[in-house]
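Novice: Fold the stuff below for me.
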Amino acid sequence: LLVHGSNVVVSAPDSNRVRAGLEALDFLVVCDFFFSETARFADVVLPVTQWAEEDGTMTSLEGRVIRRRTAIGAPDGVRSELWIFQELARRLGSAGTFSADPAEVFDELCLASAGGLADYSGLSYGLLDTGEAAYWPYPVGSTGTPRLFLDRFAHADGRARIVAVHARVTDAPAQRDGTVTLITGRLLEHYQSGAQTRRVPELHQAQPQARLQVHPATAARLGLVDGGEVEVGNMQGTVTCVAEVTGGIRTDTVFLPFHFPGAQRANLLTLGVTDPVSGMPEFKRTTVRVRALVRTPGSGPAGPVSVPSIRTDAHA
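Specialist: Numbering: from 1, shown residues only. Okay, the predicted model is just below:
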């Protein structure tokens, strides 16, 4: 398995199963620019360039295609992922050719996307270098599409389709005896698995550890106090963290951010169940039990998570 810039040990649901799967692999390669929790399981770690160390493009959430340019040089021995793919193809005797030039790869994307919804065929580095606000779809001969569905929707008659959705009864047990619904999500200060943001001193200082948000009424019922250690568990696993009593959450739910590794990993608790239509994991309805954690003398608190070294050694 080749993992590129993804910290699945922290970010994927049913984390214990993910870890077991990685440990059972014959060979694991991780390409990343930080030594992530997933990289610790790799047989080979290939340090790769990050966004400020390479040319390329990015497409914003509003659909604008933006040129990126190298701002700083990469450390010695660090390679781009395009170079890695090219070398893998060459060393494995591939009949095809893989370019390590970002401009050539972008031209191939433009050609391959022609006629599709995300049509880049009218774009090029030359056009993007002029600073034009280029929004996809941008087919050949057009001036782009700043608002995708301004005049019509993506159906033959141009009309939208409105589908009634009926909620079904879930099999979640009643909220009693310390059982509540766990909601996982993001904090302002951190992003995804925290592999980058937990290494920024200001962000790490602002949010150094996972905090379980719980309503005051629920906290009183369960004997939890603000700042006290708690144990959150179910059949999947157990998380230890600190309670944050707040009125900003419902009494039948608790909230845990998923940015933290180790014993504070929220995805130790989530199920590997996905929506049958979208394929999205079931991150918003995990059932857990919460209890105050009383440490024995000398055992010490869980404390903030440690931050590994900034950059891996170059072995590419």
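Novice: What ranges does the protein have for its helices?
Specialist: Counting by DSSP state H, the chain has helices at residues 8-11, 15-23, 81-91, 102-112, 125-128, 201-206, 216-222.
Novice: need those in JSON lines with distance to I249, can you?
Specialist: Where you see a C-beta, it was placed from the backbone N, CA and C, and this is true even at glycine. Formatted as JSON lines, the helices of the chain follow (distance: least, CB to CB, whole Å):
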{"stretch": "helix 8-11", "distance to I249": "22"}
{"stretch": "helix 15-23", "distance to I249": "23"}
{"stretch": "helix 81-91", "distance to I249": "40"}
{"stretch": "helix 102-112", "distance to I249": "43"}
{"stretch": "helix 125-128", "distance to I249": "44"}
{"stretch": "helix 201-206", "distance to I249": "20"}
{"stretch": "helix 216-222", "distance to I249": "8"}
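Novice: among these, which is the most enclosed?
Specialist: Of all the helices of the chain, helix 8-11 has the most neighbours on average by mean count of other CB atoms under 10 Å, namely a mean of 22.
Novice: can you list the weak-confidence ranges in the stretch 101-250 of the chain?
Specialist: Residues of the stretch 101-250 of the chain meeting the criterion pLDDT under 70: 169-177.
Novice: what sits against the closest residue in space to V140 that isn't next to it in sequence?
Specialist: Among residues not flanking V140 along the chain, G122 sits closest, at 4.5 Å (CB to CB, 6 or more residues apart in numbering). Counting by CB atoms under 8 Å, 6 or more residues apart in numbering, G122 touches C110, Y138, P139, V140, G141, S142, G144.
Novice: phi, psi of G122?
Specialist: Backbone geometry at G122, expressed as degrees, to the nearest 10, gives phi -90, psi 0.
Novice: I'd like to know how far it sits from I249.
Specialist: The gap separating G122 from I249 is 47 Å, by CB to CB, to the nearest Å.
Novice: Can you give me the neighbour number for the closest residue to T218 other than its chain neighbours?
Specialist: Using CB to CB, 6+ apart and skipping the chain neighbours, the partner closest in space to T218 is T251 (5.0 Å). Using other CB atoms under 10 Å, T251 has 15 other residues around it.
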